[in-house]
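[1] for reference, the sequence and a predicted model appear below.
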Amino acid sequence: MDFQVVVLAGGNSKKLTPLISKDVPKPLLPVANRPLLYYVLHQLRESNLKDLIVVVEGEDAALHVGSWISKTFVDGLHVKIAAVPEDIGTAGALRAISHHLTAKDILVVSGDLVSDVPPGAVAATHRRHDAAVTAMLCSVPVSGSLESGSSGGKDKTKKPGRYNIIGLDPCKQFLLHIATGSEIEKDSRLQKRILHAVGQMEIRSDLMDAHMYAFKRSVLQEVLDHKDTFQSLKQDVVPYLVRSQLKSEALLNGISQAEENGNEKLSSPNNQVLDSKILANASTPSFHELYSMEPDGSAQTRKTHKCCAYIASSSSYCVRLNSIQAFMDINRDVTGDADHLLSDTSSDRDNIIGPSPKLGSKTTVGPHCMLGEGSEIGDKCQVKRSVIGRHCRIGSHVKIVNSVVMNHVTIGDGCIIQGSVVCSNVQLQERVVLKDCLVGAGFVVTMGNEYKGESLARKEK
Amino acid sequence: MGAQKKGATARVSEDQEELARNPLQAILLADSFATTFRPITLERPKVLLPLVNIPMIDYTLAWLESAGVEEVFVFCCAHSKQVIDYLESSQWSSQPNFSVTTIESHNSISAGDALRLIYERNVIHGDFVLISGDTMSNMSLTQVLQEHKERRKKDANAIMTMVIKKSKPSPITQQSRLGTDELFMAINPVTKQLLCYEDKAERSKGFISLDKTLIADNPSIILHNDKQDCYIDVCSQEVLSLFTDNFDYQHLRRHFVKGLLVDDIMGYKIFTHEIHSSYAARIDNFRSYDTISKDIIQRWTYPFVPDILCGSSAIKVERQGAYRASDVTLSRSAHIGSFTFIGQGTKIGNDTKISHSVVGEGCTIGSNVTIEGSYIWNNVTIEDGCQLRHAIVCDGVIMRSGAVLQPGVILSFKVVVGQQFVVPAYSKVSLLQQPTQQDSDEELEYADNTSGTGELRSDKLNGDIATDLSETAYELGTGGVGYIWSVFEGAQDEEWKHSVAPIPTDKLVKLMLDKDEDEEQLTQDGNVLSASGELKADSDDNGSEDDDNADSRDDYGFFEKEVEATFLRAVHENVKVDHAVLEVNALRLSYNMASVDCAGAIFYSMMKLAVESPHHSASELHRNAADIITKWQKLLKSFLHDIDEEIEVILKFEEMCLESAKEFAALFPQVLHLLYDKEILQEDAILRWADEKEGADESDKVFLKSSEKFVQWLKEAEEEDEDD
């Protein structure tokens, strides 16, 4: 398939502090004992999409990520690592690596997507319609457990960016309207022109833009070049393309001609044109074609481009890790309901309970738990719905519920950890009680301390 | 045992329901409360106009009867006597299980009034069907009634179910095939609840806006542009009382439906029922008259088609949808084309061609006549060589030989078209003169509020008017009788939209081009508006700011005018200063102005008054100004709180001297001095003004120079003060 994949693995987002730091960039944040980026790359490999560019913010992070990828995905993936400056936005990142893009279509995936939706299906939908852009939409994630239910609800109202208002045609194939960010809080304004062309539009607020897009490269590059104020794919580029689909600006169509004339392309231009014609004829004329055919059905007087939607089935799993809440949810789901995300042929196979942990007597590890390789747990401990990383040392009489404990953590006797995240190399001394806390990497909690709802991290030196 | 018991109780409740069951009732509004069918409706109510030779109301009643309605209340207002007489003499007065009761009103001007009146009569006892007498349908009511009842059981607020049908408006004209404007409806696909209804969505051109709460409450909404409102509503009793409670509801859709959708206090809900295979449409304008006539001829409304509705009277359907009554006298060489209806007793001469038309009863059509796509009612005489294209010709019209009707012509009752006369396209011709004042607000179907005068008028018509007219109305050629109504300004362009004639291609092309241009702008607007806030391109930002400025400037203009008016009133009516202050303050608040604006505006008004009051010399003008300033200084002072405001007054005065009141230019220093003497302006203000002006252009310093002495004197006085 002539598809290039860009994985946007940047975003050292403030929302995730103190979980991520210089040493642990977001793509390498362990989720169920695997780096976050693993999930995306794994799905891409499954879909046989092997020509990858991984875009990372900052040189250091790029080194980290690069070394991890070369270690893990030696086989089968052709990965290029590109470092871009920080805070240039998703569109900016693409602009920065634009010269690497050569294929006819580009699949852009956010590196923080944990999903079992095959990227290949999105790419296929894109190809089938010869679309300018295809966006993957999934159901808005519902926070599973009761405890996080309420906070999850609050989360949504606080951050409407996770929501979208999406307009679809009656066949649910085309994307007619998309609102993101602050627009969601306002009254929706829908273009009559699109409504006239389609007749009816379904407006959904229960779908989420999962940040997996397939673009026609020519279109993408044109937009990035001409609209230099565009910073974000999700908030600027995609809404712009959707908005202008029936009034495609000349540049979008002009470029395809330029491309035909161009001779530096890999595949012969004639083939490309033929392909798209065959594909276009394969389906019955869409409203785009009908619209462009008017008034007398002969000449294509209006320029249109198609914006398609791939709607993941409601049973599929699709969450972006962009908040602490999402981090907790994903950890819980991956070890629980969505454990199929883990079944794979990767070299560092981790079962729910790793091969070599040592459990003390009368220690119980409940369902939906994960215990990493080489971790030791002392006597009379309880672990429920939690993830424990590799090489952790956990004393006796420890209770860990609804929590994530990363690698190389030392937990003293009698600690109680509930609803918390404990990052790598943390030391919890005896009888520490943590409830709904975040403990940054390398932090030491001294004996007997009790914390509730706090974020503990080492001071940056 | 238990099951039996259960069964028994179920039966009991069913019985109760049975007992409580009322006969199905319907309200039929035999008045459209609109003027779209003028001039025809000046003489005959719309519901009695023939549609393929049968009055519209008969179709409606026949459908209601077949749909199981047992009691119909016919509300008549315009020409009520004609409607009542017709119904009494018709078959409907003697049906066994179908009672038709008329309710007459002489002063209802809207559907709202009609429903309020019906509520007062207290005749409706349960769910009812609300339609107007110009609705064509063959749908079954069973399902929609059942849905309505079931919803009511669950939710008492579900008070109305609207029938809708798929019909995609033309992408070019944005008009449905019935000639109605495009309609946007937002419907919840699961519950079918109607969430938004926009029929005249001009407000936000190019965009439809959906309230955010709707989206929050409904995870999925379908916004339809491809549905047509059939104007068949199943309503619960509450609907009537709602009209009574909200006495300002007039229009069923514009006020009632939208009112309910907006109002979230009562929480009343409207639902929709979509019909697929059956027919439902309302005759709203001439275009829908044309469309529905064709549908009837093509038997979409079966069983409500002329040959069945007329029963025994022999109308035969021949090949290609040609309907012909038994005793038509047809010349051998006449050619009757497809989809044409020829009524009883009509005579058609040699070589006449008729196609896609309806010709009523007792018409006489000469030789070599061409009739295409036209509707000719009863007893019309068309002499040799006439040509009719897409016209409506009412009863008793005479077309002299060689007359031509261009597309879209309406000839009302008993009009005579002179020989060889060509009636221009889209003309409306009537024996009655066009009502001079357009009661557009009330949209009555007839000119006067009482049916009495309507009757009188038609009596008069038969007699003298025709003779009167023959002298004045030569508008229709020699021997022609009738007035060609002029098209109202602004409506001219719209005429083709609702006419019987198909829309000419050149119009379509023009429309296309216009639309593209519009869209060009809209796209740009849209980009600005829907881009997320921070994204606005800089140039756009500037643009909108300019707009804002223009707005505020306008606002200030209005504000100034209002203040001036207030001030003049205060002067002429000797209003107390305190009251004037209050009024100006109120204006300030309502226009959101600062007190500095008030000071400027008041001073402006005062000076203007001084200039406008009679004077012969500069000294008299000075005295005028002095008088006014002395009298109203308190008003001005109450808005001069600080130095900036005082400077504003000086600047305003300068501006006036340059522009509107040049006579003051010479008096500038004197007036300035006067203002200082009256302690309206403090010396600080004047000195600061002088300082500010020091650096200005030469042209700006004219007044500074003229008052140099005064300023100098002020400065010296100040220095002396300091010395002391």
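    Yep, it's here. Residues are numbered from 1 along each chain as shown, chains lettered A, B, ... in the order given.

[2] quick one, phi psi at B:Glu645?
    Per-residue torsions, B:Glu645: phi -70, psi -40 (degrees, to the nearest 10).

[3] which residues touch it?
    B:Glu645 makes contact with B:595-596, B:599, B:639 under the criterion Cβ atoms under 8 Å, 6 or more residues apart in numbering or on different chains. Bear in mind the C-beta positions are built from the backbone N, C-alpha and C, glycine included.

[4] retrieve the pLDDT associated with it.
    Per-residue pLDDT puts B:Glu645 at 80.

[5] picking up where we left off before, of the contacts of B:Glu645, which pair is most distant in space?
    B:Val596 and B:Phe639 (7.8 Å; Cβ to Cβ).

[6] report pLDDT for B:Ile296.
    91.

[7] in which helix or strand does it reside?
    helix B:286-297 (DSSP states H and E).

[8] element containing B:Leu582?
    Going by DSSP H and E, B:Leu582 is part of helix B:577-590.

[9] contacting residues around that helix?
    Against helix B:577-590 from outside (Cβ under 8 Å, 6+ apart): B:559, B:562-563, B:566-567, B:570, B:575, B:593-595, B:597-598, B:601-602, B:632, B:634-635, B:638-639.

[10] can you do 10 Å?
    B:558-560, B:562-563, B:565-567, B:569-571, B:573, B:575-576, B:593-595, B:597-599, B:601-602, B:605, B:631-639 (Cβ atoms under 10 Å, 6 or more residues apart in numbering or on different chains).

[11] could you point out which element follows that helix?
    Downstream of helix B:577-590 (by DSSP H and E), the next one is helix B:595-612.

[12] just how off-centre is stretch B:87-100 within its chain?
    35 Å (Cα atoms, centre = their mean, to the nearest Å).

[13] and that stretch, C-alpha only, in PDB?
    Extracted in PDB, the C-alpha atoms of stretch B:87-100 (Å, rounded to 0.1, in the frame of the first residue of the first chain):
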ATOM      1  CA  LEU B  87     -71.300  22.300   2.800                       C
ATOM      2  CA  GLU B  88     -75.100  22.300   3.500                       C
ATOM      3  CA  SER B  89     -75.900  21.500  -0.100                       C
ATOM      4  CA  SER B  90     -73.200  18.900  -0.500                       C
ATOM      5  CA  GLN B  91     -73.100  15.300   0.300                       C
ATOM      6  CA  TRP B  92     -71.300  15.900   3.500                       C
ATOM      7  CA  SER B  93     -74.300  17.200   5.400                       C
ATOM      8  CA  SER B  94     -76.000  13.800   5.200                       C
ATOM      9  CA  GLN B  95     -73.300  11.200   5.900                       C
ATOM     10  CA  PRO B  96     -74.300   8.700   8.500                       C
ATOM     11  CA  ASN B  97     -71.100   8.300  10.600                       C
ATOM     12  CA  PHE B  98     -69.500  11.500   9.600                       C
ATOM     13  CA  SER B  99     -70.800  14.800  11.000                       C
ATOM     14  CA  VAL B 100     -69.600  18.100   9.600                       C
END
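
[14] got any ranges where chain B has weak pLDDT?
    Residues of chain B that meet the criterion pLDDT under 70 lie in B:1-21, B:200-205, B:311-313, B:436-474, B:487-494, B:515-554, B:696-699, B:719-724.

[15] one more: the stretch 301-450 of chain A?
    Checking the stretch 301-450 of chain A against pLDDT under 70 turns up A:301-302, A:337-339, A:342-357.

[16] related to what we said a few turns ago, the inter-axis angle of the helix holding B:Leu582 versus helix B:595-612?
    Orientation check (axes from the mean of the first three to the mean of the last three Cα atoms, to 10 degrees): helix B:577-590 against helix B:595-612 gives 120 degrees.

[17] buried residues in helix B:577-590?
    B:577, B:580-581, B:583-584, B:587-588 (16 or more other Cβ atoms under 10 Å in any protein chain shown).

[18] which one of those residues sits closest to A:Cys369?
    Looking across those and measuring by Cβ to Cβ, the closest to A:Cys369 is B:Arg588, at 69.9 Å.

[19] the closest one and B:Val563: what is the separation?
    9 Å (Cβ to Cβ, to the nearest Å).

[20] equivalent analysis for A:Val84, please.
    In terms of Cβ to Cβ, A:Val84 sits 60 Å off from B:Val563.

[21] on the C-terminal side of the helix holding B:Ile296, identify the next helix or strand.
    helix B:306-309.

[22] just checking, what packs against that next one?
    Packing partners of helix B:306-309 (3 or more Cβ pairs under 10 Å, 6 or more residues apart in numbering or on different chains; DSSP states H and E): helix B:56-66, helix B:286-297, strand B:315-318, strand B:322-325.

[23] in chain A, where's the longest strand?
    strand A:207-216 (DSSP state E).

[24] what angle sits between the helix or strand that that one is followed by and strand A:207-216?
    Remark: after strand A:207-216, the chain's next helix or strand is helix A:217-226, criterion DSSP H and E. Taking the same axes, to 10 degrees, one finds that helix A:217-226 is oriented at 100 degrees with respect to strand A:207-216.

[25] tell me the helix or strand right after helix A:217-226.
    Next along from helix A:217-226, by DSSP H and E: helix A:238-243.
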